[in-house]
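Asks: Attaching a predicted model along with its sequence, questions to come.
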Amino acid sequence: MAESGPLGIVADIGGTNARFACALRRADGKVAIAHEQKYRTADYPSFEAAYRHYAASIDMQAAHGVFALAGPVGREEVKLTNSPWVLRPAGLAERLGLESARLINDFEAIATAVGAFGPEDFRRLDGGAFELPSDGVVSIVGPGSGLGVASIHFSGGQPRVVPCEGGHVGFAPADEVDIQMLRFLLGRYPRVSAERFVSGPGLVQIHIALANLENRAIVPPEQVSLWEAAQSGQDLHAFASMERWLMLLGTVAGDIALAQGAGAVVLAGGILPRIGDKLDTGLLLSRFRAKGRFETMMHAIPVAMINHPEPGLFGAATVLAAA
């Protein structure tokens, strides 16, 4: 598959949305994606149904596919962490009418994209330029329907991607409010992971926990409307919940950077770009760096977010191109 032209179909499947695209190799040899479509997973009974809908909508006969999934792969049955879809790799290519079909973790795709991006595809949170190291580790942390984590290990400029399930580490509080929120959720769940707070649905958990802490009436909000209220800045309680969410993201990202020995951190996922000018990078970075005796070291670790609109699809296309 080294020649220029279409490579196949790629997908980035999360808990809420399924994104599809055609993977292409341009005349200059670079990988690109085209004909992107996004479907709600709730609108389709299975991955195969969503794939067939997409394949019927494009003017391309695909022979190969790489599909990034929000959950661990490499099993006889692959269940998405935050979706009812179940994929069975055995016979998948035949069922889809493809010569080959490969499943990868969604953050393997994100990390692969990060390793292939240029400086223009990043925004450093404290300003200035962001460049990937030629040697060392880059941590990837991405809140969405869940909390994705991966790392890239560079040696001589060559990246090796290591996917993991780091979003499911236990939540570690950093101040008294965090402690009270953790106690509240431990009354509802047998275990509280970082993902329980630092994800799209996590904003709802924070909002409810803060209401309990402040002795306000607990009225569980709908996730999308809560995010919209927070980003508008007109609902002070929703806005305060989002500020706490940013603080917790900083804490978790800093912990992961310490655990992985990172020399740089990239924040992925679709939530941060949507926050826009309400994104308080100071809150996030202060928590990221607040690591006691290692605070000076944490100040030296650059933190950036991804500018590319579809890193998961681009990463899956990059994997397909290398096959």
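Replies: Perfect, thanks for sending it.
Asks: ok, the helix or strand bottoming out on mean pLDDT in the chain: who's next to it in the sheet?
Replies: Counting by mean pLDDT, DSSP states H and E, the chain has its least confident helix or strand at strand 78-79, which shows a mean of 84. Note on strand 78-79: by DSSP bridges, its sheet partners are strand 86-87 (antiparallel).
Asks: tell me the mean pLDDT for the partner strand?
Replies: Average pLDDT, strand 86-87: 90.
Asks: contacting residues around it?
Replies: With contacts defined as C-beta atoms under 8 Å, 6 or more residues apart in numbering, strand 86-87 is touched by 46-47, 67, 69, 77-80, 103. No exception for glycine: its C-beta is placed from N, CA and C like everyone else's.
Asks: Show me the residue at the heart of the chain, geometrically.
Replies: When the chain is reduced to its mean C-alpha position, the nearest residue by C-alpha atoms, centre = their mean turns out to be G142, at 3.4 Å.
Asks: centre of the chain versus the one helix or strand Q205 maps to, how much separation?
Replies: In this structure, Q205 sits in helix 202-213 according to DSSP states H and E. The chain centre lies 22 Å from the centre of helix 202-213; the measure is C-alpha atoms, centre = their mean, to the nearest Å.
Asks: Could you do stretch 67-77 as well?
Replies: Distance of stretch 67-77 from its chain centroid, counting by C-alpha atoms, centre = their mean, is 15 Å.
Asks: And that stretch, end to end?
Replies: 15 Å (C-alpha to C-alpha, to the nearest Å).
Asks: ok, and for that stretch, which residues are buried?
Replies: If you call a residue buried by 16 or more other C-beta atoms under 10 Å, then stretch 67-77 has these buried ones: 67-71, 73.
Asks: got it, and stretch 179-199?
Replies: Neighbour counts using 16+ other C-beta under 10 Å place 181-182, 184-185, 192-199 of stretch 179-199 among the buried residues.
Asks: Dump that stretch to CSV, restricted to CA.
Replies: What follows is stretch 179-199, C-alpha atoms only, in CSV (Å, rounded to 0.1, in the frame of the first residue of the first chain):
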residue,chain,number,x,y,z
ILE,A,179,-11.4,15.0,49.5
GLN,A,180,-15.0,15.8,50.2
MET,A,181,-16.0,15.1,46.6
LEU,A,182,-14.2,11.7,46.8
ARG,A,183,-16.0,10.8,50.0
PHE,A,184,-19.3,11.7,48.4
LEU,A,185,-18.7,9.5,45.4
LEU,A,186,-17.4,6.7,47.5
GLY,A,187,-20.9,6.6,49.0
ARG,A,188,-22.2,6.0,45.5
TYR,A,189,-19.6,3.8,43.9
PRO,A,190,-17.3,1.0,45.2
ARG,A,191,-14.3,2.6,43.6
VAL,A,192,-13.6,6.1,42.2
SER,A,193,-11.2,6.3,39.3
ALA,A,194,-9.7,9.4,37.8
GLU,A,195,-12.1,8.9,34.8
ARG,A,196,-15.1,9.3,37.2
PHE,A,197,-14.3,13.0,37.5
VAL,A,198,-12.0,13.8,34.5
SER,A,199,-14.2,13.1,31.6
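Asks: pLDDT below threshold where in the stretch 51-200 of the chain?
Replies: Under the criterion pLDDT under 70, the flagged ranges of the stretch 51-200 of the chain are 81-82.
Asks: please redo it, this time with the cut-off set to 80
Replies: Across the stretch 51-200 of the chain, the ranges flagged by pLDDT under 80 are 71, 80-83.
Asks: just the strands in it please.
Replies: Applying DSSP state E, counting those that start in this stretch to the stretch 51-200 of the chain gives strands spanning 64-69, 78-79, 86-87, 100-105, 122-124, 136-143, 147-155, 158-164.
Asks: Tabulate the ones you listed (TSV), appending distance to A211.
Replies: Below are those laid out as TSV (distance: least, C-beta to C-beta, whole Å):
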stretch	distance to A211
strand 64-69	34
strand 78-79	32
strand 86-87	36
strand 100-105	35
strand 122-124	33
strand 136-143	21
strand 147-155	23
strand 158-164	33
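Asks: Figure out which of those strands is closest to M298.
Replies: Counting by C-beta to C-beta, M298 lies closest to strand 136-143 out of the strands of the stretch 51-200 of the chain; the figure is 12.1 Å.
Asks: can you list contacts of that closest one?
Replies: With C-beta under 8 Å, 6+ apart as the contact definition, strand 136-143 has outside contacts at 107, 110-111, 114, 132, 147-154, 166, 198-200, 202, 249, 252-253, 256-257, 260-269, 271-272.
Asks: Report the distance from that strand to the chain centre.
Replies: 10 Å.
Asks: quick one: buried residues of that strand?
Replies: Buried, per 16+ other C-beta under 10 Å, within strand 136-143: 137-143.
Asks: Switch those over to a markdown table; also include distance to G233.
Replies: Shown next, in a markdown table, are the buried residues of strand 136-143 (distance: C-beta to C-beta, whole Å):
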| residue | distance to G233 |
| --- | --- |
| V137 | 36 |
| V138 | 33 |
| S139 | 30 |
| I140 | 29 |
| V141 | 25 |
| G142 | 24 |
| P143 | 20 |
